[in-house]
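Novice: what's the 3D shape of this:
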Amino acid sequence: MINKLLTLVFATFFVFTLQGQNQFENPGFEEWEDVGLPVQEPVDWSSIKTGDVENLNIAAPIVWGKSTDAHSGNYSLHVFNVYVPLIQQSAVGTVSNGKYHQNLNHDLSWTYLDKDDARWSTPINARPDSVVGWFKCSPQPGDNGQVKVTLHKGYGQHPEDASGHIAVALFNLPGDTVSVWTRFSVPFVYASDEMPDQLLCVLMSGDGWNAIGTSSALYDDLLLIYNSPGIKDFTLENYNIFSSNGEIVISLSNNENLNYSINIVDITGRVVYSNNFSGGDTKRFNPGLTNGIYIVNAISEGKILSKKVVIN
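Specialist: Presented below is the predicted three-dimensional model:
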């Protein structure tokens, strides 16, 4: 019995650590920085106006912005199509955790991983099951946004360079307006048994090179989900968690018979707090954490639920 309990504890700790260490960087778009433009860029993400072709950076439109309409925290990412007279069509609103290579010939433009620059390289040494996140969208008729996450061995780019391609997760936003924050979940489709070492993500407001008009989208709270045997992503009814004056508040109403444990992971993947709870009443506690962004993981009956909180 003790051995089984220790096995469960170590397996749970492994999953929490794996989730913390192999995740998107700045996944909730809470951190922004000045890059010499009228608007800021989200830290560890780039745009078509900060690509590797300097003369096209000047001509490229601003197709992103910081929004205070957030699913959680203070900010979300806003991307939007902009009509460009030079190419006589709309440029798609897009942001990537890689680097952009621009060209007036669309076939010679792409987003890519730059392993020599830590800002545009997102290491990963795991095989996630799926990608989840939250969005709103306002597409033009015939247009739709897209989330594309690819896992690579070595170099990777979008559109794909097939060499080193391990897996892809693709989510097409609806073609109709979605005005409330809506969760998406899309699985990775693996083409190889190899272990990836790089993750490339592209978020768009329209249909790539066929973007139409002024379509727009909001994105927030991206998360990689890891499912190991007996451990699955799950949803609780009326689940809510937030921070207030340094305290963590957890509400699991209508889950009176639930027994669960809480682990809090910082952005480095370190477990900084853990405890066990039961029942559906509201729990309020002070984990003694410094200001920052954390992932709160709830585990019950071998299932995991994760949510981001910002303590400030």
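Novice: these two touch, right, Leu37 and Trp64?
Specialist: No: at 10.1 Å, Leu37 does not count as touching Trp64 under the criterion of C-beta atoms under 8 Å. C-betas here are computed from N, CA, C, even on glycine.
Novice: more crowded one of these two?
Specialist: Between Leu37 and Trp64, counted using other C-beta atoms under 10 Å, the more crowded position is Trp64 (25 against 12).
Novice: Could you double-check that the more buried one lies in contact with His78?
Specialist: Yes: at 6.5 Å, Trp64 counts as touching His78 under the criterion of C-beta under 8 Å.
Novice: Quick check: neighbours shared by these two?
Specialist: Residues touching both Trp64 and His78 by C-beta atoms under 8 Å, 6 or more residues apart in numbering: Gly93.
Novice: where do the helices sit along the chain?
Specialist: Secondary structure of the chain by DSSP state H: the helices cover 2-21, 54-59.
Novice: Mean pLDDT lowest where, among those helices?
Specialist: When these are ranked by mean pLDDT, helix 2-21 comes last with a mean of 41.
Novice: any idea how far Asn286 is from the most centrally placed residue in the chain?
Specialist: Residue closest to the average C-alpha location in the chain (C-alpha atoms, centre = their mean): Leu222, at 2.2 Å. Using C-beta to C-beta, to the nearest Å, Leu222 is found at 28 Å from Asn286.
Novice: same question, Asn263
Specialist: In terms of C-beta to C-beta, Asn263 sits 16 Å off from Asn286.
Novice: More neighbours: these two, which one.
Specialist: A count of neighbours by other C-beta under 10 Å puts Asn263 above the other of Asn263 and Asn286, at 23 against 10.
Novice: which residues does that one bridge with?
Specialist: Asn263 has these beta-bridge partners by DSSP bridges: Ser274, Asn297.
Novice: pretty sure it is touching Asn297, no?
Specialist: Yes: judged on C-beta under 8 Å, Asn263 makes contact with Asn297 at a distance of 4.7 Å.
Novice: How many residues are close by the closest residue to Pro128 other than its chain neighbours?
Specialist: Spatially, and ignoring its direct neighbours in sequence, Pro128 is nearest to Leu224 (4.1 Å; C-beta to C-beta, 6 or more residues apart in numbering). Under the neighbour criterion other C-beta under 10 Å, Leu224 is assigned a count of 24.
Novice: Check Leu224 and give its pLDDT.
Specialist: Confidence score, pLDDT, at Leu224: 88.
Novice: From Pro287, how far out is the residue nearest to the centre of the chain?
Specialist: Computed as C-beta to C-beta, the Leu222 to Pro287 distance reads 24 Å.
Novice: shaky segments in the stretch 101-250 of the chain?
Specialist: Scanning the stretch 101-250 of the chain for pLDDT under 70 picks out 106, 160-164, 227-239.
Novice: same thing but at 50, please
Specialist: Scanning the stretch 101-250 of the chain for pLDDT under 50 picks out 228-234.
Novice: Show me where it has its strands.
Specialist: 110-112, 130-138, 146-152, 157-158, 165-172, 178-187, 189-190, 198-204, 216-225, 232-233, 239-244, 247-252 (DSSP state E, counting those that start in this stretch).
Novice: For Asp117, see how far away Lys153 is.
Specialist: Applying C-beta to C-beta to Lys153 and Asp117 gives a distance of 19 Å.
Novice: between the two, which one's more packed in?
Specialist: Shown here are Lys153 and Asp117; by other C-beta under 10 Å, Lys153 has more neighbours (15 against 10).
Novice: and the gap between the more buried one and Leu199?
Specialist: 11 Å.
Novice: Can you verify my assumption that Asn240 contacts Val296?
Specialist: No: in this structure Asn240 lies outside contact range of Val296 using C-beta under 8 Å: 11.2 Å.
Novice: Please identify every residue contacting each of those two.
Specialist: Common neighbours of Asn240 and Val296, counting by C-beta under 8 Å, 6+ apart, are Ile250.
Novice: Same drill for the two, tell me which one is more crowded.
Specialist: Val296 (20 against 12).
Novice: before we move on, back to that, report the beta-bridge partners for the residue nearest to Pro128.
Specialist: The partner residues for Leu224, given DSSP bridges, come to Val131.
Novice: Tell me who's in contact with it.
Specialist: By C-beta under 8 Å, 6+ apart, the residues touching Leu224 are 19, 22-24, 128, 130-131.
Novice: cool, and Leu151?
Specialist: 124, 127-128, 166-168, 188, 196, 198-200.
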